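1. sequence plus the predicted model coming up.
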Number of protein chains: 2
Amino acid sequence: MNDRLETPKRPMTSRQLAALIGVSQAAVSRAFTPGSSISPELRERILRGAREFGYQPNAIASMLTTRRTNIIGLVVSDMSNPFHPAMVERLTRGLQRLGLQSLLFNVTPGARVEDQLIAIRTYNVDAVIVLSATVLSERDLAWAVEGRRAVVLNRLTTQDITTICCDTGLGMRALVDHLHAIGRRRIGYVAGLTRSAIGMERHSAFTTRLAELGMRLTGTASYESHSYEAGWKGALDLLAGKPDAILFATDILALGGMDALREAAGLRIPEDIAVAGFDDIALAGWPHYALTTYRQPIDQMVELTLSQFTAGPAPAPAHIAIPGELVIRGSTQRLGDTTV
Amino acid sequence: MNDRLETPKRPMTSRQLAALIGVSQAAVSRAFTPGSSISPELRERILRGAREFGYQPNAIASMLTTRRTNIIGLVVSDMSNPFHPAMVERLTRGLQRLGLQSLLFNVTPGARVEDQLIAIRTYNVDAVIVLSATVLSERDLAWAVEGRRAVVLNRLTTQDITTICCDTGLGMRALVDHLHAIGRRRIGYVAGLTRSAIGMERHSAFTTRLAELGMRLTGTASYESHSYEAGWKGALDLLAGKPDAILFATDILALGGMDALREAAGLRIPEDIAVAGFDDIALAGWPHYALTTYRQPIDQMVELTLSQFTAGPAPAPAHIAIPGELVIRGSTQRLGDTTV
DNA sequence: TTGAAAGCGCTAACAG
DNA sequence: CTGTTAGCGCTTTCAA
């Protein structure tokens, strides 16, 4: 590797501690290994000694023998969509609870993905969690998780990897049904990344339900990004079609769209036009936006992800879609209804 | 440790590769060590063989001998303030560029901090970056970084640790001067975490400048949090004092405050009341908010942090304050000026 | 420059 | 239950 940082001073080793309290080095190791065969008295004596002399087992050394690192690689590509940090935060906390560490990888479109993720291999992480990282091609994805447990969140893949997503079909259906129920008939759609599988799924689930209900698609826009700006521009693009509602592929798009509709187009929401998103990020609940959206079941998604990393043989790869929850707020409202 | 995850299948070792191409195991090691004494030809032959057979050096094993992990512990406590994920993203990318990995720690107020950060020690991370983690007491902080390089960002400490902050004094002065320049004289202040050193510094820098300019402090509010909701409530609390401007300790507070002022109090910004924040998060630039704020020099802060981790002896701990930049947007405006 | 050999600190058989 | 003994895969002397 490189020699960027100098060698820090050495902490005490199990052998030193063993010598200090007159037991074998192996005994020290056992004292720190739950379930190993050691008498409670000996263990207690050793743990007390460890506290006294400040001994901590060296995880690096144990990795070498056990071939387990207890490190999970967390691959993310875009922290500017608030949905992602929210997810990262929960995942990291959950992993910590299980005694697992999170090695964070931020993949960017520029450099070669394999170079960016090489540490997944050299550091031998036990498992990989990929969070909506559309930057990764199918090949990259396969390379990154090769030979280890993996969970892909909010992204679909043809690889033999467990994927966990919010149920797009249910979500889009609930949203469209809601728009229908409040009397909207002319709907525009702002897509995010149209070439991602999940993006396409959201789009097609949307158009399918729209057709089933006999509603009109007044137009589709996309700037190939999940950003406020993309939502802003996308919303304005759709106005020519005179929609009475716009559905956005993600909340962050919807926020940009709402501001554009209000400030650039001078429209009232929901009186002139209804707006809905998908995700339920914290900002969607802010009073200024009060965005109707489909809430991703974050907690369940995290729990399910964590359950892949517990003892026993690796679960067979599965593609899991979890139902979310329609959250109705002020951005949608029955047409002609004047109460806010 | 635990036995959560089963042993994955073993990758090729340097010894195996050595046997395969008929060189010594040490030669393989040297081939992957920049600057080691090995002939270009041998190295080339070995690297070619490595590519062919898919050999990758095992970082774990090398950690054991070199006692360097090339892992940096990144300690964060609150990802819901957008300033933090923005910082984490840049830090991680910067570290990756240097060939360093980021082990992410999410400290929460609940559990014992030492338990949450134990991996800093057992995994022997080379250095620690603490990001505004006010959850950590001074004692926790000292414990966490003991014996290794460390940088504390946006937090002050009495410990002998390098701290890197945006220059609070300059920032607050610039903001107050600006409010003064546009004719505001009655200023309210919404604080975040009042018991943090940086919180107190911002507050006192603010009041100092206010007094120097002979402006009136109409009130101070705080809900001990950097959140939208805390800003919302804080802003409303201040209205009794009839301020013509409110300064918020952070942008996220200001956003909540602005929405409260507009939607709950029915005020116009900046006509009825001016608003300013501190940080310049992405949302501050959204047209709906157009928040005047003091931009933290994130890029410089990250570069400076990274420079602490480059070759050579550890730089002496220093307390560094970097000037930011006043960003004037629509939320502040000359009193009586009607153009937007 | 290259190879042989001795560990790094720990876990995991294997005896006792 | 406890101690002894081999390694884990690599880096780093030390000779050649």
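-> It's in. These numbers come from a predicted model, not from an experiment. Numbers count the residues shown, from 1 in each chain, chains lettered A, B, ... in the order given.
2. mind listing the residues bridging to the residue nearest to residue A:174 when sequence neighbours are not counted?
-> The shortest distance from residue A:174 to any non-neighbouring residue, by Cβ to Cβ, 6 or more residues apart in numbering or on different chains, is to residue A:326 (4.3 Å). Where you see a C-beta, it was placed from the backbone N, CA and C, and this is true even at glycine. The bridge-partner assignment for residue A:326, based on DSSP bridges, gives residue A:294.
3. count of residues packed around residue A:326?
-> Residue neighbour count, defined by other Cβ atoms under 10 Å in any protein chain shown, stands at 17 for residue A:326.
4. kindly report the domain assignment for chain A.
-> According to automatic domain parsing, chain A comprises the domains A:14-66, A:71-166+A:298-322, A:168-296.
5. touching, residue A:281 and residue A:84? I think so.
-> No. Between residue A:281 and residue A:84 there is no contact, the gap being 9.5 Å when judged by Cβ atoms under 8 Å.
6. could you dump the domains of chain A into TSV and include mean neighbour count, distance to residue B:91 and mean pLDDT?
-> Output for the domains of chain A, formatted as TSV (neighbours: other Cβ atoms under 10 Å in any protein chain shown; distance: least, Cβ to Cβ, whole Å; pLDDT from 0 to 100):
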stretch	mean neighbour count	distance to residue B:91	mean pLDDT
domain A:14-66	16	23	94
domain A:71-166+A:298-322	19	9	94
domain A:168-296	21	21	97
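7. in a markdown table: these, plus distance to DNA strand C.
-> Listed next are the domains of chain A as a markdown table, based on distance: least, Cβ to the nearest atom of the strand, whole Å:
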| stretch | distance to DNA strand C |
| --- | --- |
| domain A:14-66 | 3 |
| domain A:71-166+A:298-322 | 13 |
| domain A:168-296 | 38 |
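8. please enumerate the helices of the stretch 201-340 of chain A.
-> Applying DSSP state H, counting those that start in this stretch to the stretch 201-340 of chain A gives helices spanning A:228-238, A:251-259, A:298-307.
9. TSV for these, including distance to residue B:157?
-> Shown next, in TSV, are the helices of the stretch 201-340 of chain A (distance: least, Cβ to Cβ, whole Å):
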stretch	distance to residue B:157
helix A:228-238	35
helix A:251-259	35
helix A:298-307	32
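10. nearest to DNA strand D among those would be which one?
-> DNA strand D sits nearest to helix A:298-307 of all those, at 27.8 Å, using Cβ to the nearest atom of the strand.
11. what packs against that closest one?
-> In terms of contact count using 3 or more Cβ pairs under 8 Å, 6 or more residues apart in numbering or on different chains; DSSP states H and E, helix A:298-307 is assigned the packing partners helix A:83-97, strand A:149-153, strand A:162-166, strand A:319-322.
12. quick one, it and strand A:149-153 angle?
-> Interaxial angle of helix A:298-307 relative to strand A:149-153 (axes from the mean of the first three to the mean of the last three Cα atoms, to 10 degrees): 170 degrees.
13. what's in contact with helix A:298-307?
-> The list of residues contacting helix A:298-307 from outside it, by Cβ atoms under 8 Å, 6 or more residues apart in numbering or on different chains, reads A:86-87, A:90-91, A:94-95, A:97-98, A:129, A:151, A:153, A:164-166, A:315, A:320, A:322.
14. separation between residue A:56 and residue A:12?
-> Relative to residue A:12, residue A:56 is positioned 8 Å away (Cβ to Cβ, to the nearest Å).
15. in CSV: the domains of chain A, plus distance to residue B:252.
-> As requested, the domains of chain A are exported to CSV (distance: least, Cβ to Cβ, whole Å):
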stretch, distance to residue B:252
domain A:14-66, 36
domain A:71-166+A:298-322, 11
domain A:168-296, 10
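16. to residue B:182, which of those domains lies closest?
-> Between residue B:182 and these, the tightest spacing by Cβ to Cβ is seen for domain A:168-296, at 22.1 Å.
17. quick one, strands of the stretch 151-300 of chain A?
-> Listed from the start of the chain, the stretch 151-300 of chain A has strands (DSSP state E, counting those that start in this stretch) covering A:162-166, A:186-191, A:216-222, A:245-248, A:274-276, A:293-295.
18. please render those as JSON lines that adds distance to DNA strand D to the earlier fields.
-> Conversion of the strands of the stretch 151-300 of chain A to JSON lines gives the following (distance: least, Cβ to the nearest atom of the strand, whole Å):
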{"stretch": "strand A:162-166", "distance to DNA strand D": "26"}
{"stretch": "strand A:186-191", "distance to DNA strand D": "45"}
{"stretch": "strand A:216-222", "distance to DNA strand D": "46"}
{"stretch": "strand A:245-248", "distance to DNA strand D": "48"}
{"stretch": "strand A:274-276", "distance to DNA strand D": "53"}
{"stretch": "strand A:293-295", "distance to DNA strand D": "45"}
